[in-house]
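Enquirer: give the three-dimensional model of this entry:
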Amino acid sequence: MSTQTLAQPVQIDLADTHIRVTWSDHMSGDFPFIWLRENDPAGFHPQTQERLTDLTAIALDIKAVNATQEGNDLHVFWSESDAPSQFDLDWLRAHRPGQPVFDAADTGFVTWRSDLSANGIPRANAGGVLEQDTALKDWLVASRQYGLSIVDHLADTTEAGMDVARRIGFLRETNFGKTFEVKSKPNPNNLAYTPVALPLHTDLTNQELPPGFQFLHCLANEAEGGESLFCDGYAVAEDLKLEDPDAFAALCDISIPFRFHDDQTDIRSRKRVITCDENGDVIEICFNAHLADFLDIAPDLMPRYYRAYQKFMAMTRDPKYILNLKLKGGEMVVFDNRRVLHGRSAFDPNTGRRHLHGCYVDRGEFESRLRMLSR
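Expert: From the prediction side, this is the model:
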């Protein structure tokens, strides 16, 4: 004979503007009437789960006249002629207004400085990432937490790194193509295609939305020099906020122009060097002194801005923030381009071959894959 688990009783209190539900463990939530009416499960398409309810058809002062528990459902009866709304109580508990819904892609961040060392960078084996979902998930979690990881034991082909990136999602195409080659070449249109040193920066700040995660697969790194440099922009921003709140605020508040142009393109955008969320937490760094266009802010803002901008730039060159490593053939470094600044030391192309193959995958694709692997 089958047994059925009985639903736990809840306490339901009807107030003037909302319904309060209190569960048996004393967890409670307040659910405004209009929120309940707009989120009535009957107002969503049964297959696509897209919202069909027309908010303009709901009175802002809509009232519930009664609410009852039936099994594990809450039934809400409206003052209007609308049919009652029915909500799963577990769903309501998970979606209590005023608290973020659980997100498997929200791994939290681990800020780091040079004391992490190259040996502390999270690593993953390419074979495991390509063949095992558990290995893929573990690597994605670590990559998002630190904003930086290395995948090793890649095959000596340009497709090998792209195969790993495609395990996450679609590749992001830019004016440089779907992939790009980082090596010294004649008539370059970007400093990355020269042997000169590259100070720390984030890529493509001139784009309306700079790419998310960057993948750089090392095919050869035999030349003298050419060490890769990395810096956690979140750590720099955190320290700047503590040491110089006004400089931090200037970089959060004032946008500046960025531009890339050659004989084929002229792409421009305005960005703030530091972007925070509504809680004041840093969520994005856009910093590229080479793509900064002529500063066009009001002259009276320039002394404050230049002081802040110069201080941030100087901090990115402080050894306490910088990781140095020389990638080997078969290794691929993966990093959040809107968090981790990257650069390299100069190299001598006459002393050996240096060739990296790169591509991008946007943050949205990265986080979507994490959610799917967590289901």
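Enquirer: for the host helix or strand of residue 307, which helices and strands make contact with it?
Expert: Assigned by DSSP states H and E, residue 307 belongs to helix 302-316. Helices and strands touching helix 302-316, by 3 or more C-beta pairs under 8 Å, 6 or more residues apart in numbering; DSSP states H and E, are helix 233-243, helix 245-253. The C-beta positions use only the backbone N, C-alpha and C, and glycine is treated the same way.
Enquirer: which one of those helices lies closest to residue 153?
Expert: Among the helices and strands packed on helix 302-316, the nearest to residue 153 by C-beta to C-beta is helix 233-243 (28.9 Å).
Enquirer: and that closest one, what's its mean pLDDT?
Expert: Throughout helix 233-243, pLDDT has a mean value of 98.
Enquirer: what's it packed up against?
Expert: Secondary-structure packing of helix 233-243 (3+ C-beta pairs under 8 Å, 6+ apart): helix 245-253, strand 282-285, helix 302-316.
Enquirer: rewinding a little: how about the next helix or strand after the helix holding residue 307: buried residues?
Expert: Counting by DSSP H and E, the next helix or strand C-terminal to helix 302-316 is strand 322-325. In terms of neighbour count (16 or more other C-beta atoms under 10 Å), strand 322-325 has its buried residues at 322-323, 325.
Enquirer: residue ranges of the strands in the stretch 51-200 of the chain, please?
Expert: 64-70, 73-78, 85-88, 123-125, 148-152, 179-182, 198-201 (DSSP state E, counting those that start in this stretch).
Enquirer: measure residue 157 to residue 164 for me?
Expert: As for residue 157, its distance to residue 164 is 12 Å (criterion: C-beta to C-beta, to the nearest Å).
Enquirer: so which of those two has more stuff around it?
Expert: Neighbours were counted for residue 157 and for residue 164 using other C-beta atoms under 10 Å; residue 164 has more, 23 against 12.
Enquirer: so that one makes contact with residue 149?
Expert: No. Judged on C-beta atoms under 8 Å, residue 164 makes no contact with residue 149 at a distance of 10.8 Å.
Enquirer: now do the lowest-mean-pLDDT helix or strand in the chain: which elements does it pack against?
Expert: Ranking every helix and strand in the chain by mean pLDDT, DSSP states H and E puts strand 347-348 at the bottom, with a mean of 80. If you count contacts as 3+ C-beta pairs under 8 Å, 6+ apart, strand 347-348 packs onto strand 224-225.
Enquirer: contacts for the strand it packs on, please.
Expert: With contacts defined as C-beta atoms under 8 Å, 6 or more residues apart in numbering, strand 224-225 is touched by 195, 345-348, 351-352.
Enquirer: spell out which residues make up each domain of this structure.
Expert: Annotated domains of the chain cover 11-94, 114-373 [automatic domain parsing].
Enquirer: residue 107: which of those domains is closest?
Expert: Closest among those, using C-beta to C-beta: domain 114-373, at 4.7 Å.
Enquirer: first-to-last residue distance for the closest one?
Expert: In domain 114-373, first residue to last residue: 32 Å (C-alpha to C-alpha, to the nearest Å).
Enquirer: any weak-confidence spans in the protein?
Expert: 1-7, 81, 183-195 (pLDDT under 70).
Enquirer: what about 80?
Expert: 1-7, 9, 80-82, 183-197, 347, 349 (pLDDT under 80).
Enquirer: touching, residue 196 and residue 344? I think so.
Expert: No. Using C-beta under 8 Å, residue 196 is not in contact with residue 344, being 9.2 Å away.
Enquirer: which one of the two is surrounded by more residues?
Expert: Set residue 196 next to residue 344 and count neighbours by other C-beta under 10 Å: residue 344 wins out with 24 against 12.
Enquirer: so what's the more buried one up against?
Expert: Per C-beta under 8 Å, 6+ apart, neighbours of residue 344: 197-198, 226-229.
Enquirer: can you tell me the closest non-neighbouring residue to it?
Expert: Sequence neighbours aside, residue 198 is the residue nearest to residue 344 in space, at 5.0 Å (criterion: C-beta to C-beta, 6 or more residues apart in numbering).
Enquirer: okay, now the one you found: neighbour count?
Expert: Neighbours of residue 198 using other C-beta under 10 Å come to 18.
Enquirer: just residue 307 next, same as before
Expert: Using other C-beta under 10 Å, residue 307 is surrounded by 14 other residues.
Enquirer: give me every residue that touches the residue nearest to it when sequence neighbours are not counted.
Expert: In this structure, residue 307 finds its nearest non-sequential neighbour in residue 247, 6.5 Å apart by C-beta to C-beta, 6+ apart. When contacts are counted by C-beta under 8 Å, 6+ apart, residue 247 touches 240, 307-308, 311-312.
Enquirer: just flag the most distant two among those.
Expert: Maximum distance among these (C-beta to C-beta): 11.8 Å, for 240 and 307.
Enquirer: in stretch 359-375, what's buried?
Expert: 359-363, 365-367, 369-370, 373.
Enquirer: kindly report the same for stretch 292-309.
Expert: Those would be 292, 304-305, 308-309, for stretch 292-309 by 16+ other C-beta under 10 Å.
Enquirer: what's the answer for stretch 227-245, then?
Expert: So for stretch 227-245, counting by 16+ other C-beta under 10 Å, buried means 227-237, 239-241, 244.
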